[in-house]
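Enquirer: Below is the sequence, then the predicted model.
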Amino acid sequence: MMRKTWIITVVGVLLAGFLLGGSIVAENTGIPLLSGLFGTNSDNLIENKVPVNTASAAASLPMGVADIAEKAGPAVVNVEARIKVSSGMSDPFMNDPFFREFFGGSMSAPQSRYEKGIGTGFIISADGYIITNQHVINNADQITVKLTGGKENIPAQVVGQDYELDLAVLKIDGKDYPTIPLGDSDKMRVGDWVVAIGQPYGLDHTVTTGVVSAKGRPVTIEDRNYKNLIQTDAAINPGNSGGPLLNMAGQVIAINTAVNAQAQGIGFAIPINTAKGVLQELMNGQKVIRPYMGISMLDLNEEICNELGLPADTQGAVIVEVASGSPAAKGGLRSEDVIQKLDGKAITSGSDVQTAVERKKVGDKLSVELLRQGKKVTLELTLVAKP
């Protein structure tokens, strides 16, 4: 009964109805098209390269929307990713897993050998480094970008990407490119005005406005678990993915990523401070190394407490599954254990567990206080690099 309840709960989370803001188009030509991209690291990438245009929001005066669009627009680029596929659908959007999840059904045979993905990116350094979403370029064998007002597609190389955070850094040859300064997403407040610039449905450099509707939103889309997203009512549509969400000083405070397909005015963006945490590694072509515990879990609620025979007000995160050979397995954790403290700090949700692990380093020890069949147990495990 307990296992069945968990399965229903997990399925409910996965069917939340969120779509990533990438756009897929099928070409009816003899030439293949595509929609993602995976590249190799640049051989001549400069070590420890940090964008020089990072700025403080407090240091700049507010501007009008038209001024922001005029100033930031030239640094916003169209991203096209092309990938060869063995099978596909003729509907332009049906290869997007999020459209397929909620609007799927009968899907016709592929009309072409390739698919083309359309997204957005923005230039962060004058020598051509570009930030976008990883899902925009995922598995692509060719990527190009087009500058504002430009007619030619410029070849781009993936120098770094992180699936978990849905971030990628591209590089184009050249110099003296226009750039957008990076702001401080932590300073944004609910109700602050924001401006989004992107390529919704391939419509070049579309500007939309709105406010920060909420902060710290968790969203699960298939196997991507987004955390701490900024929610906005500025329109975000397929093709907007990877584009900048700007404050009224014209600084990037988030990266537009996903939209709720079952509602209007609910879009999500990755805080720029989250991106800053891994930007150095991505620009250097390095893999982002994260500590790993090896469990799947659910937030403890009244229903689960009843099934476990615990008081209804018990707090913690209940373990659903322990990965074989993981630090959790080696440390003695089991399914149905309820984690209540990590290193002495109270745990009230699965997000608390994830945050605690992320703050650790590979090789660190982690003390776990839990409830097992109503009894308190304390275990210790050693974190390893996430596979």
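Expert: Arrived safely.
Enquirer: what number of residues lie near the closest residue in space to residue 266 that isn't next to it in sequence?
Expert: Among residues not flanking residue 266 along the chain, residue 260 sits closest, at 4.0 Å (C-beta to C-beta, 6 or more residues apart in numbering). Using the backbone N, CA and C atoms, a C-beta is placed for each residue, glycine as well. Using other C-beta atoms under 10 Å, residue 260 is surrounded by 17 other residues.
Enquirer: now the one 10 residues further on
Expert: Burial of residue 270, expressed as a neighbour count using other C-beta under 10 Å, amounts to 25.
Enquirer: That one contacts residue 252, correct?
Expert: No. Contact between residue 270 and residue 252 fails when scored by C-beta atoms under 8 Å: they sit 10.6 Å apart.
Enquirer: picking that back up, surely the residue nearest to residue 266 is in contact with residue 237?
Expert: No. The pair residue 260 / residue 237 is not scored as a contact, 11.6 Å apart, by C-beta under 8 Å.
Enquirer: Mind checking the pLDDT average for the host helix or strand of residue 352?
Expert: Element membership for residue 352 (DSSP states H and E) is helix 350-358. Here helix 350-358 scores 87 as its mean pLDDT.
Enquirer: name the helices or strands packed onto it?
Expert: Where contact means 3 or more C-beta pairs under 8 Å, 6 or more residues apart in numbering; DSSP states H and E, helix 350-358 is packed against strand 224-232, strand 291-292, strand 295-299, strand 317-322, strand 338-342.
Enquirer: Show me the contact partners of the shortest one.
Expert: In this case it means strand 291-292. Strand 291-292 is contacted by residues 326-327, 357-358, 360-362, 364, 383-387 when judged by C-beta atoms under 8 Å, 6 or more residues apart in numbering.
Enquirer: Run the chain-centre distance for that strand.
Expert: Computed by C-alpha atoms, centre = their mean, to the nearest Å, the chain-centroid distance of strand 291-292 equals 18 Å.
Enquirer: May I have the strands that pair with it, each with its orientation?
Expert: Sheet pairing for strand 291-292, assigned by DSSP bridges, gives strand 384-385 (antiparallel).
Enquirer: For the chain, just list every one of the helices.
Expert: For the chain, applying DSSP state H gives helices covering 2-14, 65-72, 97-103, 134-137, 272-283, 302-308, 327-331, 350-358.
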